[in-house]
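Asker: can't give you the sequence, but here's the structure:
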């Protein structure tokens with residue numbers, strides 16, 4: 001990888017991360033009400049607990065290698081490609097989904113067409 005390619009990948013990653021951060025910060029999750037015996041006992045303002053990530057294919061592209069080599073992504077043996085894990089935003093699935101969605105859109109806007117945001121409830 002040339003220095004110019006590396007610098008381009010840094011800019012692309014930083015733009016995607018910024019887009020994700022703004023989306024997560026602007027996300028207003030639907031509060032989750034925890035009940036016991038049909039009675040509310042706690043309100044969780046960050047909403048349901050869950051996970052989110054961004055899957056990028058192919059895993060052997062220059063950008064995927066850049067992500068792995070710099071600790072931004074790991075190889076994804078289940079879906080293929082590489083995965084950028086959303087680790088921030090406590091346990092809020094909706095905030096993590098907002099980040100992942102915006103991150104993925106930013107990469108697609110940069111020309112990467114096989115980029116998917118994914119999530120699951122905990």
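Answerer: Nice, thanks for sending it over. All values reported here derive from a predicted model rather than from experimental measurement.
Asker: gap between the two ends of stretch 55-75?
Answerer: Its start and end residues considered, stretch 55-75 measures 10 Å (CA to CA, to the nearest Å).
Asker: what comes up buried for that stretch?
Answerer: Of all the residues in stretch 55-75, those buried under the rule 16 or more other CB atoms under 10 Å are 55-57, 59, 63-64, 66-67, 72-73. (Glycine included, C-beta is placed from N, CA and C.)
Asker: from those, which single one is nearest residue 6?
Answerer: residue 66 (6.9 Å; CB to CB).
Asker: name the nearest residue to the closest one, sequence neighbours excluded.
Answerer: Spatial nearest neighbour of residue 66, excluding adjacent residues (CB to CB, 6 or more residues apart in numbering): residue 9 at 4.2 Å.
Asker: one step back: got the buried residues of stretch 55-75 as TSV, with distance to residue 20 and secondary structure columns?
Answerer: Formatted as TSV, the buried residues of stretch 55-75 follow (distance: CB to CB, whole Å; DSSP: H, G, I helix; E, B strand; the rest coil):
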residue	distance to residue 20	secondary structure
55	14	strand
56	13	strand
57	19	coil
59	20	coil
63	16	helix
64	18	helix
66	17	helix
67	14	helix
72	12	coil
73	14	coil
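Asker: against residue 31, how distant is the residue located most distally from the centre of the chain?
Answerer: Taking CA atoms, centre = their mean as the measure, the residue most remote from the mean C-alpha position of the chain is residue 37, 35.4 Å away. According to CB to CB, to the nearest Å, residue 37 stands 20 Å off from residue 31.
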